[in-house]
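Could you look at this predicted model? Sequence included:
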Amino acid sequence: MDSLDDQASSPPTVAGDATDVDLVVVIKSERVLYMYSNGMIVGQYPVALGKSPLGTKQHQGDNRTPEGAYTLDWRNPDSLFHRSIHVSYPDADDIAAAYAAGQDPGDLIMIHGQPSYDDRPRSGDWTNGCIAVSNAAIDDLWARVEDGARIHIYP
């Protein structure tokens, strides 16, 4: 697989004048992120996932990307990755499941761009559980997704 910055990103398919994204959907098996506005797909980008992409995140250090319904609740303009937007993982169910297994659920799951600290091309699934996109994609998400937007992450 080419690096995300080498892949041609699909240009946003705008439904009417919709520019505000109210839902982000990630389909892990397809390695794609869709942006929705009022029920219409208004953009899509390829993604890279955690190094162990099968199954949902269960605990800190498992290198899995969570699955479920969350919120994009804050952003970091000074990220080690070209911008990042936080996914509200873990929720109460994630915390309870991890603690029941004697584990820490982990945190700081983000949608982020490429590493700012090194310009080596990335390929395949390489994050510690985050959702990585190209720098152009995170810039688009940054501009179009407000804090509080929903994100649904599917297997």
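All right, it came through fine. The structure displayed is predicted, hence computed values, not measured ones.

mind listing what the helix or strand harbouring residue 44 pairs with, with the direction of each?
Using DSSP states H and E, residue 44 falls within strand 40-46. Each strand paired with strand 40-46, and its direction, by DSSP bridges: strand 32-37 (antiparallel).

quick revisit: what are the C-alpha coordinates of the strand holding residue 44, in CSV please?
This file holds the C-alpha atoms of strand 40-46, laid out as CSV (Å, rounded to 0.1, in the frame of the first residue of the first chain):
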residue,chain,number,x,y,z
MET,A,40,-25.2,12.9,2.5
ILE,A,41,-21.6,11.8,1.9
VAL,A,42,-19.6,15.0,1.3
GLY,A,43,-16.1,13.5,1.3
GLN,A,44,-14.0,10.5,1.8
TYR,A,45,-10.4,9.6,2.5
PRO,A,46,-8.2,6.5,2.9
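
what is the rounded mean pLDDT of whichever helix or strand comes after it?
Where DSSP H and E defines the elements, the next helix or strand beyond strand 40-46 is strand 68-76. For strand 68-76, the mean per-residue pLDDT is 97.

for strand 68-76, which positions count as buried?
By 16 or more other Cβ atoms under 10 Å, the buried positions in strand 68-76 come out as 68, 70, 72, 75. C-beta here means a position set from N, CA and C on the backbone, and glycine is covered the same way.

what residues are up against the residue nearest to the second one when sequence neighbours are not counted?
Excluding its sequence neighbours, the residue lying closest to residue 70 (Cβ to Cβ, 6 or more residues apart in numbering) is residue 88, at 4.4 Å. For residue 88, the contacting residues are 70-73, by Cβ atoms under 8 Å, 6 or more residues apart in numbering.

Could I get these in JSON lines, plus columns for distance to residue 96?
Converted to JSON lines, those look like this (distance: Cβ to Cβ, whole Å):
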{"residue": "70", "distance to residue 96": "16"}
{"residue": "71", "distance to residue 96": "18"}
{"residue": "72", "distance to residue 96": "23"}
{"residue": "73", "distance to residue 96": "20"}
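
Low-confidence regions, the protein specifically.
1-19 (pLDDT under 70).

Going along the chain, name the strands of it.
21-27, 32-37, 40-46, 68-76, 84-87, 110-112, 131-132, 145-154 (DSSP state E).
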